[in-house]
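# Generate coordinates for the sequence data below:
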Amino acid sequence: MALSNEEIKQEKTYLEKTSKEISKQIDILEKEIHVSKEQITEFKKILWEDKGSIDSVEMQTGLMASEMEANFMLMKMEYYKKLLKLRYSPYFGRVDFKEDNEEAKPIYIGLTNVTKDLFHYVYDWRSPISSLFYDYGIGPASYSAPGGEISGYMSLRRQYKIEDNKLIHIFDNDLNVVDECLQAVLSENSSDKMKNIVNTIQKEQNEIIRNISNKHLIVQGIAGSGKTSVALHRIAFLLYKIKNLKSSNVLIFSPNNVFSEYISNVLPELGEDNAMNTTFHDFAKTYAKEFKEVETFTNFIERFYTGKEQNQRLVHFKLSNKMIPVIENYAKEIDERTVITGDIVTDFQIINEDYLNYLLKDRFNKLPLFERIEKIAEHLCDKLGFSYGKKKRSFIKQIKELLNVKMDFKKIYQDLYQSTAFISEYHTKEPLRLNNKKINYEDALCFIYLKGLLRGFPYSNLIKQIVVDEAQDYNEMQYIILSKIFKKASFTILGDVNQTINPYIKYDSLEVLTNILNENSKYVELNKTYRSSAEIIAYTNKILGLKYVSAIRKESNVPVKFRNNINTLKNDILSLKQKYASLAIITKSKDESIKLYDKLKDKIKNISLMDESSKRFNKNLVIVPSYLSKGLEFDSVISYTDKDNVYTKDERYLFYVVTTRCQHELIIYNPPKSLS
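Okay, here's the model as predicted:
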């Protein structure tokens, strides 16, 4: 419904009033921060120059005051940075809410709070009352406040587009996924970086973002359902909600470095520092230091799809759930046959091997085998009255020399494939020759798990929140490893079983992960897709026989096109570039990408090639292998394969990933005839 002239006038007046207040607070903070910096610098100067004349009590008091002032200044600086983001667009939403027996009051919602003298100009989108905007339409509504549930009636739900402190659009609507504001956002071209969705968060997404009832969340979401955006907004919400939680306490596992760069703007846009970001490959390198290099996930996938892997049966077994008890039983075998084979002689007495084996097998048997060595050394120091330093190191060295099993994890891992535990499940020996410099991806997972069982998993208490994206490509062993290293952390795990590109594993449902995380876990699904047009969704559904037929995005009436002649490729590229801001030509393999890039680089201006080392890329026009396209989205996509390399039935999930990267227009070169 259109607003009256009076309503528009009122909105313009409120915007002007709010903008002035924000500018005023920014000016005040700039001066306060400058003064605080000068005061702290001056105190440090005095402390350094006159430290001899200051007694210890004065010094301690001054240091404490200086530290408090510094912390207070940091808080001001953080708020100052947030206000700068609101300076030209203070808010994006409004609800009018009437509590029982009270008058209705307007609640304006933006990226952060703006208050003066107890008056709220803008409420932070993460505040309890702001949940009304995401969860309810016109009618009865309620929200959870610190003091309990607040009920009332919502009489207005309004959305704004504000640029340079000017009202560009005002939308009045009920809670509806096809509302005007959402459609306006969906119609925009994609950009080089993922954008925040704070003004269009949907109810089912908001429930995940604001969930603090469950320690662990496992989210199954179809392509384009906003899984990653939800995860990042959830991090921002938790940083707001949980006391003492900082960005440095959050670790995100991304599928590759390209994706890490793609999502790097979202948290800063929301006024928060970026969380730590890694890939499982980079993470694995720190736990498999016996090798100079760990194979990347991308190269591991390439081995399968290019036919370079000669023993697929063994790789499949290593990544299967059967391998978990094999490694556990093998670790028990090693524990059972490991003994100390001699005495330790000191200047004072002889510690005989029977006592040493009592310590190894009984006293400290709850600990992992090789972790017991340090405990035994500490026990001997305590018993004999030695300090820990040099003598403890000496005991550790002697105990290791007396063990009948050496702490050579490479040798131990190689012997696994000759062990009873392995043969009883795999039914044959598999001689394994490890490369001293590089370990394969699948071996790295097994190696890290075995090493952790024997030496202990290093506990990390710095990380309190873990986000795992593209969860469907991790096997259960990886989740067990992560849960053992980050014992007290909360996990948010997001994936789509239909976008599995790891050919050796396939989950029926990610709900199985609740059994691994166990403690207070919840499984939820996101079944609406916001990315692609109805025509693209209809085609991608056929690839896997899915029934996600409803598209939130309005119909584009642009059909999926098919080509069989590479001679039309240049014209298709130029045509799509005229219509859209971004275009990806997605090939099946890395070799195909390189080959196509070499063919087009002199014919098409500004075309770029993405590989796994890429951190920044030209999203406007890029050639990318299928495995690196995960999680990305483009206005238009050309799926390209050579005629002799079309997608097969076994590669249909990979093909599904490729075709679901597209928002508006999809062209497929050499399409598969049938994938069913």
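# among the helices and strands of the protein, which has the poorest mean pLDDT?
Within the chain, no helix or strand scores below helix 180-186, which has a mean of 55 by mean pLDDT, DSSP states H and E.
# My guess is residue 522 contacts residue 514. True?
Yes. If you go by C-beta atoms under 8 Å, residue 522 and residue 514 touch, sitting 7.5 Å apart. For the C-beta atoms, the positions are set from N, CA and C on the backbone; glycine is no exception.
# Residues that sit against both of the two, list them.
216, 218 (C-beta atoms under 8 Å, 6 or more residues apart in numbering).
# so where's the stretch 51-200 of the chain shaky on pLDDT?
Scanning the stretch 51-200 of the chain for pLDDT under 70 picks out the ranges 51-69, 175-192.
# what ranges do the helices span in it?
For the stretch 51-200 of the chain, helices defined by DSSP state H, counting those that start in this stretch occupy the ranges 56-86, 131-135, 180-186.
# Got phi/psi on residue 590?
Dihedral pair for residue 590: phi -70, psi -40, per degrees, to the nearest 10.
# Which positions in stretch 137-156 come out as buried?
138, 141, 142, 143, 150, 152, 153, 154 (16 or more other C-beta atoms under 10 Å).
# which one among those gets closest to residue 499?
Set against residue 499, the nearest of the buried residues of stretch 137-156 by C-beta to C-beta is residue 143 (34.5 Å).
# you'd agree the closest one is up against residue 127?
No. At 9.2 Å, residue 143 does not count as touching residue 127 under the criterion of C-beta under 8 Å.
# Nearest to the spatial middle of this protein, which residue is it?
With distances taken as C-alpha atoms, centre = their mean, residue 252 lies nearest the centre of the chain, 3.4 Å away.
# Now it. Its backbone dihedrals?
Dihedral pair for residue 252: phi -110, psi 130, per degrees, to the nearest 10.
# So it versus residue 259, what's the distance?
Going from residue 252 to residue 259 by C-beta to C-beta, to the nearest Å gives 10 Å.
# shared neighbours of the two, anything?
Common neighbours of residue 252 and residue 259, using C-beta under 8 Å, 6+ apart, are residue 469.
# Which helix or strand contains residue 586?
Using DSSP states H and E, residue 586 sits in strand 583-587.
# what's the helix or strand that that strand is followed by packed up against?
Going down the chain from strand 583-587, the next helix or strand is helix 590-600, by DSSP H and E. Helices and strands touching helix 590-600, by 3 or more C-beta pairs under 8 Å, 6 or more residues apart in numbering; DSSP states H and E, are helix 569-579, strand 583-587, strand 608-609, strand 621-625.
# can you tell which of these is closest to residue 476?
Evaluated with C-beta to C-beta, the helices and strands packed on helix 590-600 place strand 621-625 nearest to residue 476, the distance being 26.8 Å.
# Give me the sheet partners of the closest one and which way each runs.
strand 583-587 (parallel), strand 608-609 (parallel) (DSSP bridges).
# any idea of the mean pLDDT in the shortest one?
Averaged across strand 608-609, the pLDDT comes to 94.
# Quick one: distance of the longest strand seen in the chain to the chain centre.
Secondary structure assigned by DSSP state E gives strand 148-163 as the longest strand of the chain. On the basis of C-alpha atoms, centre = their mean, to the nearest Å, strand 148-163 sits 30 Å off its chain's mean C-alpha point.
# for that strand, packing partners?
Using 3+ C-beta pairs under 8 Å, 6+ apart, strand 148-163 sits against strand 93-99, strand 139-145, strand 166-172, helix 180-186.
# Format the ones you listed as TSV; extra columns: distance to residue 484.
Output for the helices and strands packed on strand 148-163, formatted as TSV (distance: least, C-beta to C-beta, whole Å):
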stretch	distance to residue 484
strand 93-99	42
strand 139-145	34
strand 166-172	49
helix 180-186	41
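# Single out the most deeply packed of those.
strand 93-99 (a mean of 20; mean count of other C-beta atoms under 10 Å).
# what angle separates it from strand 166-172?
When axes from the mean of the first three to the mean of the last three C-alpha atoms, to 10 degrees is applied, the directions of strand 93-99 and strand 166-172 differ by 50 degrees.
# ok, strand 93-99: who's next to it in the sheet?
Partners of strand 93-99 in its sheet, by DSSP bridges: strand 105-110 (antiparallel), strand 148-163 (antiparallel).
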